[in-house]
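Engineer: Got a predicted model here, sequence first, then my questions.
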Amino acid sequence: MERFALIGVPIEQLSVEVGGHFSVCAYLGLDDVPGSGYERISCRVRLRAPGATPQLLAHLRERCRRSSPVGDSLAR
């Protein structure tokens, strides 16, 4: 098994699930509706990092939140 590390956190497994509610009303020509596209997006991250402390994982989460171009795009 290949292992990766960021800021000293050994990561054995990582998965990301993203979902959302998509509105097609404007595409269907309905009047007086907000624009089409995603109205809500949710994200679930699962991480297996044996030996990592809760503080180290919190630091990793914050670092990823600040530096993720995908997260930045979704937030805007």
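Structural biologist: It's in.
Engineer: Okay, now the unreliable bits of the chain?
Structural biologist: Low-confidence segments of the chain (pLDDT under 70): 1-6, 31, 34.
Engineer: In it, what residue spans correspond to helices?
Structural biologist: Ranges of helices within the chain are 54-67, 69-75, based on DSSP state H.
Engineer: mind listing the strands for this protein?
Structural biologist: Using DSSP state E, the strands of the chain run over 4-6, 9-11, 13-23, 37-48.
Engineer: Pull the number of nearby residues for residue 24.
Structural biologist: The local packing of residue 24 (other CB atoms under 10 Å) involves 10 other residues. For every residue, glycine as well, the C-beta is placed using N, CA and C.
Engineer: switch to numbering from 40
Structural biologist: Done: numbering now begins at 40, and the last item shifts to residue 63.
Engineer: if you skip the residues just before and after it, what's nearest to it?
Structural biologist: residue 75 (5.8 Å; CB to CB, 6 or more residues apart in numbering).
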